[in-house]
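> I'd like to go over a predicted model; first the sequence, then the structure.
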Amino acid sequence: MDYTRERTAEKRQGMDKRSVSYFDYSLLFLIVFICVVGLIMIYSASAYYVQSRHLPADFMLMKQLKAVLLGLVVMLCTSLFDYHIVKKRVLKTVTVSTLVLMLAYLLQIVATFFGQSQNGSSRWLNLGPLSFQPSEFSKLAIIVYISTRISYRPMGLRKFKGFMIEALPIAPLLLIIAKENLSTAVIAALIFVTICFVNSPRYFYFIASGVVVAGALVIYLASGGGYRSERVDIWLNVETHPKGQQILQGLYAITSGGLFGTGLGQSAQKYARVPEAYNDMIFTIICEELGLVGAIAIILVYMLIILRLVTIAANAADVLGSMITIGVMAQIAFQVVLNILVVTNTIPSTGVALPFVSYGGSSVLILLFEIGLVLNVSKQIKYRVNSGKQNDGIDQTT
């Protein structure tokens with residue numbers, strides 16, 4: 001009789017504390033929400049563009065909607081597969097992550113020599129009816145590759161030598177990207193440095209390297225010619241430079257929105273005053289139509305997304321999952337900050353899109369794929385809950 005009672009008590013105790021898989025539905029909701037906001041704003045901001053070219057009113061909206069829907073499908077499918085596949089060895093010394101990095105090199109080289117030229121640089125590859133920007137894929141490749149490397153050698157960044165070993169395979173790719181798209185190269189470099197920084201207990205050589213790179217970048221922009229130097233000149237003389245009108249009109253849009261904006265679809269600056277307002281300058285239209293309140297609301301959504309990513313990274317099942325999430329978080333955070341700094345003329349103009357909101361199929365598709373990886377990381381987080389009546393809730397996160 002006593003033995004039966006003891007067994008029954010043990011079973012109840014085991015049922016009281018059970019391991020439960022986690023899935024971040026909050027992140028999923030936030031991503032879908034920001035994508036919907038992006039579609040609405042693209043429809044509004046592209047009104048003059050489609051009218052002036054006698055296109056259907058929803059032409060830009062439908063193109064972006066197709067990319068978003070495909071991206072959401074890819075995101076959900078990616079969330080079902082184990083992210084550890086990037087560590088799988090295809091050959092004895094070659095992992096899937098290495099193959100992804102090699103593919104990024106190949107795509108960037110092809111884009112450099114055979115890509116579609118835009119604003120004096122070759123950035124796009126035409127794949128039949130589709131256009132693809134290899135630099136977006138390169139960001140993903142860097143996240144996957146360096147995360148995998150660090151998962152094998154989590155203590156390898158204790159010395160500067162370890163940092164240089166990890167940087168050697170990445171540096172040539174960054175230089176290739178920088179030749180055609182400096183802003184994307186800067187973001188890719190920041191992603192790499194952020195992942196390494198989180199894993200290193202020593203910060204001095206990161207600060208020293210940052211100072212050296214920043215100095216080299218300033219010298220490069222000051223001494224070089226072409227459109228990059230012109231953009232610096234426009235930034236310094238925005239009111240007098242002949243090409244400073246785009247920035248000025250963007251600033252007018254931001255200030256004319258006031259507290260609550262002119263109303264959705266009521267922007268005046270999108271009518272040829274801000275060229276391609278649906279693209280990198282879309283935040284100015286948000287400020288004009290939705291006002292300061294709307295702009296702050298969008299920024300808060302991004303902050304919530306970053307908060308969810310930080311939470312997942314902190315509770316990930318292993319180093320690999322944590323580093324992938326950190327890389328995605330860094331990419332989104334840096335792109336949001338740089339985009340807002342550009343449209344407010346705080347820094348020289350760059351081609352940095354506002355994540356999930358700016359028009360661009362390849363950008364949103366790659367970002368949603370990355371979010372799928374993060375959701376897969378969250379799915380493998382385990383935590384224990386108490387199912388008893390007196391102590392419900394989370395007991396321990398593992």
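Everything's here; your move.

> can you list the weak-confidence ranges in the stretch 201-350 of the chain?
220-230, 236-242, 244, 272 (pLDDT under 70).

> pLDDT score for the nearest residue to residue 378 once chain neighbours are set aside?
Excluding its sequence neighbours, the residue lying closest to residue 378 (Cβ to Cβ, 6 or more residues apart in numbering) is residue 24, at 4.1 Å. For glycine as for every other residue, the C-beta is placed from the backbone atoms N, C-alpha and C. Looking at residue 24, its pLDDT reads 86.

> Can you name every helix or strand that the longest helix anywhere in the chain contacts?
Longest helix in the chain, counting residues (DSSP state H): helix 282-315. For helix 282-315, the packing partners by 3 or more Cβ pairs under 8 Å, 6 or more residues apart in numbering; DSSP states H and E come out as helix 25-45, helix 245-256, helix 319-343, helix 361-379.

> and if we set it to 6 Å?
Applying 3 or more Cβ pairs under 6 Å, 6 or more residues apart in numbering; DSSP states H and E, one finds that helix 282-315 contacts helix 25-45, helix 245-256, helix 319-343.

> and residue 208, how many neighbours?
As a burial measure, residue 208 scores 11 neighbours (other Cβ atoms under 10 Å).

> where does it fall, helix, sheet strand or coil?
Per DSSP: H, G, I helix; E, B strand; the rest coil, the local secondary structure of residue 208 is helix.

> distance of it from residue 215?
Residue 208 sits 11 Å away from residue 215, going by Cβ to Cβ, to the nearest Å.

> Residue 180 now?
23 Å.

> neighbour-wise, which of the two wins?
Ranked by neighbour count (other Cβ under 10 Å), residue 180 and residue 215 place residue 180 first, with 22 against 10.

> Just the buried residues of stretch 70-78, please?
Applying a neighbour-count criterion of 16 or more other Cβ atoms under 10 Å, the buried positions in stretch 70-78 are 71-72, 74-75, 78.

> any idea which of the helices and strands packed on helix 282-315 is most buried?
helix 319-343 (a mean of 23; mean count of other Cβ atoms under 10 Å).

> now the angle between helix 361-379 and that helix, please.
Angle of helix 319-343 versus helix 361-379, following axes from the mean of the first three to the mean of the last three Cα atoms, to 10 degrees, is 140 degrees.

> what's the angle between helix 319-343 and helix 282-315?
160 degrees.

> how distant is helix 319-343 from the center of its chain?
5 Å (Cα atoms, centre = their mean, to the nearest Å).

> So which elements touch it?
So helix 319-343, by 3+ Cβ pairs under 6 Å, 6+ apart, packs with helix 134-152, helix 182-199, helix 282-315, helix 361-379.

> Rebuild those as JSON lines, extending it with distance to residue 333 and mean neighbour count.
As requested, these are exported to JSON lines (distance: least, Cβ to Cβ, whole Å; neighbours: other Cβ atoms under 10 Å):
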{"stretch": "helix 134-152", "distance to residue 333": "13", "mean neighbour count": "24"}
{"stretch": "helix 182-199", "distance to residue 333": "9", "mean neighbour count": "22"}
{"stretch": "helix 282-315", "distance to residue 333": "6", "mean neighbour count": "20"}
{"stretch": "helix 361-379", "distance to residue 333": "13", "mean neighbour count": "23"}
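
> quick check: mean pLDDT across stretch 155-165?
The average pLDDT for stretch 155-165 rounds to 82.

> what does stretch 40-58 give?
Averaged over stretch 40-58, pLDDT sits at 88.

> Start and end of it, how far apart?
By Cα to Cα, to the nearest Å, the extent of stretch 40-58 from end to end equals 10 Å.

> And for stretch 52-62?
Using Cα to Cα, one end of stretch 52-62 lies 18 Å from the other.

> before we move on, the earlier item: of all the helices and strands packed on helix 319-343, which one is nearest residue 35?
Across the helices and strands packed on helix 319-343, residue 35 has its closest neighbour in helix 361-379 (7.2 Å, Cβ to Cβ).

> Now do that closest one, average pLDDT.
Helix 361-379 shows a mean pLDDT of 94.

> Please apply the same query to stretch 105-118.
82.

> got a list of contacts for that stretch?
Contacting residues not belonging to stretch 105-118 are listed as 122, 124-126, 134, 173, 176 [Cβ atoms under 6 Å, 6 or more residues apart in numbering].

> got the CA positions of it in CSV?
Coordinates of each C-alpha in stretch 105-118 appear next as CSV, following Å, rounded to 0.1, in the frame of the first residue of the first chain:
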residue,chain,number,x,y,z
TYR,A,105,31.6,35.0,-53.2
LEU,A,106,30.5,33.6,-56.5
LEU,A,107,27.3,35.7,-56.7
GLN,A,108,29.2,38.9,-55.8
ILE,A,109,31.9,38.3,-58.4
VAL,A,110,29.3,37.6,-61.1
ALA,A,111,27.4,40.7,-60.1
THR,A,112,30.6,42.8,-60.3
PHE,A,113,31.3,41.7,-63.9
PHE,A,114,27.9,40.9,-65.3
GLY,A,115,25.4,42.7,-63.0
GLN,A,116,23.0,45.4,-63.8
SER,A,117,24.5,48.8,-63.3
GLN,A,118,22.7,51.3,-61.1
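
> In that stretch, which residues are buried?
Buried residues in stretch 105-118, defined by neighbour count with 16+ other Cβ under 10 Å: 105, 107-108, 111-112, 115.

> Would you mind giving these as TSV with secondary structure and distance to residue 343 added?
Formatted as TSV, these follow (DSSP: H, G, I helix; E, B strand; the rest coil; distance: Cβ to Cβ, whole Å):
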residue	secondary structure	distance to residue 343
105	helix	32
107	helix	29
108	helix	27
111	helix	26
112	helix	28
115	coil	26
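
> looking at this, residue 123 is in a helix?
No: the assignment for residue 123, made by three-state DSSP, is strand rather than a helix.

> quick one: pLDDT of it?
pLDDT, residue 123: 72.

> ok, now which ones touch it?
Counting by Cβ under 6 Å, 6+ apart, residue 123 has contacts 133, 180-181.

> how near is it to residue 139?
13 Å.

> where does the residue lying closest to residue 292 once chain neighbours are set aside fall, helix, sheet strand or coil?
Leaving aside its chain neighbours, residue 292 sits nearest to residue 259 (5.2 Å; criterion: Cβ to Cβ, 6+ apart). Under three-state DSSP, residue 259 falls in the coil class.
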